[in-house]
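J.: below is the sequence, then the predicted model.
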Amino acid sequence: MYASYFGLKHAPFSIAPDPHYLFMSERHREALAHLLYGLEGGGGFVLLTGEIGAGKTTVCRCFLEQIPPNCNVAYIFNPKLTVRELLQAICDEFHVPVPAGAQTVKDYLDPLNAFLLAQHAAGRNNVLIIDEAQNLSADVLEQLRLLTNLETATRKLLQVVLIGQPELRGMLARPELEQLAQRVIARFHLGALSEAETAQYIEHRMKVAGLGGPLPIERKALREVHRLTRGVPRRINLLCDRALLGAYAGSQARVTPAIVRQAAAEVFDASPPTSPARGWSKVATGLAALSAVAVLGAGLSWALQMQIQKQPAVQAGRSKPAGSAPVAQADAASAAASSAASAAALAAAPPASAASSAFPPAEPLQLADWTPSDTAAWASLAQRWGVALAPNEAKPCDAAALQGLQCYRSVSGSLSLIRLIDRPVLLTLQRGGQPPALALLLGVDERGATLWVDGRPRRLALAELASAWRGEFSTLWRAPPGYAERAANAGPLREWLAGQLDALNRRAAPASAPVAATSASAAVPSWAELSPRIQAFQASQGLQPDGRVGPITLMQLNRAAGVDEPRLEPAR
């Protein structure tokens, strides 16, 4: 009702998880990176917890859209089930036929085990995602642990992702669930937004909704929103929606702190403020009743959608495409860029159990005793790409370019960004009194980082990594056709982008959904036509959806398309 009053095309603060409004903070990107990293772990449990409304569903949606095509996915969103009901639901989700009149646990376990073995033989992985997992009973959790016993000689047959509220962590800390807790290979607790992120979140949603001018919310009001919502996205949506409605009802051009406090009193059922804003509350309350019906409908629609559709197709963005060609030299700003703070945060994360070490045993590395070699580090990275560098190669990027590879460098990266692009990188490490030196990072988990040093893996504590790394790293990536000539002729690059996005949409669409065929003779789409599709893809990958095509976006397209490239070492 207030959208046109503020120059918006759509209501910006619906609590339905619309992908067009996706905002990925550093914590959300880190949570997504943990899920994706755990997906390659070869079995066991991955744990994501967070407060109510912190954005777990947003992260889960991004995760679903990035699951590789060789994965079967079972999604259970109502886990208040008995053991037999859970097994029945898993079999239904995986489309596993069970005997008529099945009654016992064995009646479901035997065909499920046979299915998982057959899928493993066919080169497919199986992922079970359970939302609201804090509602699982102890006996159901124990049954899930037993399911992860299904394995071959080299690999677990089922990966289980548990998503739930903070009490889920307390449940897994119980003595009777210690065996399950020891099988958690990756865990992350999703915290709330900071004050700065809250302001960015509000501005982002309003711009996506069509805001063309300055933000109609005073700076002090933004601080008040953060104070009252504690940085929880769903609470921010509820409060901002009511505050904008209040400003509209009171014919005010901007939302003031007083309006925010009055809105909070109504939305959160708090005590009314001492100085209510201009007596609009009665009008706002009546209008809000109508809004609540729409919000409830949207929420029910989403619940049904998630029940029916396991892997949502990438949708085109609604934002207005830019008029100029959105080709960038780099889009590192689209991804997380918190430098060494990310390493420090990861070091402070809840420790994984002793059985969850992500890598084979490796000797610990002390940076003080390390004798680095930049040429050896570049040679080791190139070797993983099947590229041979000349001894003491002075220009490794030039040599790689001759073999179809590009160098990517970042001076403000983070561990979450590295996990997102999921490839070995050369970290630039700074040691006291020593010149910068390169070390090849093979993988990272909650317990430490694995570097390739002197021809063997070495483990480095995250605290020591944080003290020596300031966010600078380099890596290799495979550029698409036409990328090098994009300044002169972007046609081949646009044609490649359109083909990749079409293929991803066909792969993500349900089998029964019609997918428009693309004629081989069809005109190459313009940047204006591609921009919304690129934005939708970027949003699904946890990148800033700016529509610009740089190395990070292209790396993620390669990954989504299944291009054979080196990856970070998975947890084992």
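T.: That came through, no problem.

J.: so Glu529: helix, strand or coil?
T.: helix (DSSP: H, G, I helix; E, B strand; the rest coil).

J.: that one: neighbouring residues, count only.
T.: Number of residues near Glu529 (other C-beta atoms under 10 Å) recorded here: 14. Where C-beta positions appear, they are placed from N, C-alpha and C, glycine not excepted.

J.: and it, how far from Pro68?
T.: Distance, Glu529 to Pro68, by C-beta to C-beta, to the nearest Å: 28 Å.

J.: again with Leu557
T.: In terms of C-beta to C-beta, Leu557 sits 14 Å off from Pro68.

J.: the two: which has the busier surroundings?
T.: More crowded of Leu557 and Pro68, by other C-beta under 10 Å: Leu557, with 21 against 15.

J.: contacting residues around that one?
T.: Pro480, Leu497, Gln500, Phe537 (C-beta atoms under 8 Å, 6 or more residues apart in numbering).

J.: now with 10 Å?
T.: Pro480, Trp496, Leu497, Gln500, Leu501, Leu504, Ile534, Phe537, Gln538, Gln541, Val549, Val563 (C-beta atoms under 10 Å, 6 or more residues apart in numbering).

J.: Glu142 too?
T.: Val83, Leu136, Glu176, Leu177, Gln179, Leu180.

J.: make JSON lines out of these and add secondary structure and pLDDT.
T.: Formatted as JSON lines, the contacts of Glu142 follow (DSSP: H, G, I helix; E, B strand; the rest coil; pLDDT from 0 to 100):
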{"residue": "Val83", "secondary structure": "helix", "pLDDT": "90"}
{"residue": "Leu136", "secondary structure": "coil", "pLDDT": "89"}
{"residue": "Glu176", "secondary structure": "helix", "pLDDT": "84"}
{"residue": "Leu177", "secondary structure": "helix", "pLDDT": "85"}
{"residue": "Gln179", "secondary structure": "helix", "pLDDT": "85"}
{"residue": "Leu180", "secondary structure": "helix", "pLDDT": "87"}
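
J.: farthest pair in those?
T.: Greatest spacing in those, by C-beta to C-beta: Val83 and Gln179 (16.5 Å).

J.: between the two, which is the more surrounded one?
T.: A direct count of neighbours by other C-beta under 10 Å for Val83 and Gln179 places Val83 higher, at 16 against 12.

J.: quick one: the more buried one and Thr371, what's the gap?
T.: The gap separating Val83 from Thr371 is 56 Å, by C-beta to C-beta.

J.: now Leu193
T.: From Leu193 to Thr371 the distance is 43 Å (C-beta to C-beta).

J.: okay, the two: which has more neighbours?
T.: Neighbours around Leu193 and Thr371, counted as other C-beta under 10 Å, are more numerous at Leu193. The numbers are 25 against 7.

J.: on the three-state scheme, the more buried one is what?
T.: Leu193 is classified as coil under three-state DSSP.

J.: who's in contact with the nearest residue to it once chain neighbours are set aside?
T.: In space, and not counting its chain neighbours, Leu193 is closest to Gly231: 3.9 Å by C-beta to C-beta, 6 or more residues apart in numbering. Contacts of Gly231 were listed using C-beta under 10 Å, 6+ apart, and they are 25, 27, 51, 54, 191-195, 197-198, 201, 225.

J.: switch to 7 Å and redo it
T.: Each residue near Gly231 by C-beta atoms under 7 Å, 6 or more residues apart in numbering is listed here: Ala192, Leu193, Ser194, Thr198.

J.: and what about it, helix, strand or coil?
T.: Following three-state DSSP, the label given to Gly231 is coil.

J.: ok, Leu415 touching Glu446?
T.: No - at 10.7 Å, Leu415 does not count as touching Glu446 under the criterion of C-beta atoms under 7 Å.

J.: tell me which of the two has more neighbours.
T.: Higher neighbour count among Leu415 and Glu446: Leu415, with 29 against 24, using other C-beta under 10 Å.

J.: and that one, what's its pLDDT?
T.: If you check Leu415, the pLDDT there is 82.

J.: Ala33 versus that one, what's the distance?
T.: Taking C-beta to C-beta, one finds Leu415 at 8 Å from Ala33.

J.: return the distance of stretch 405-422 from the chain's centre.
T.: Between the centre of stretch 405-422 and the centre of its chain there are 15 Å (C-alpha atoms, centre = their mean, to the nearest Å).

J.: just the buried positions in it, please.
T.: Neighbour-count burial for stretch 405-422 flags 405-410, 413-422 (criterion: 16 or more other C-beta atoms under 10 Å).
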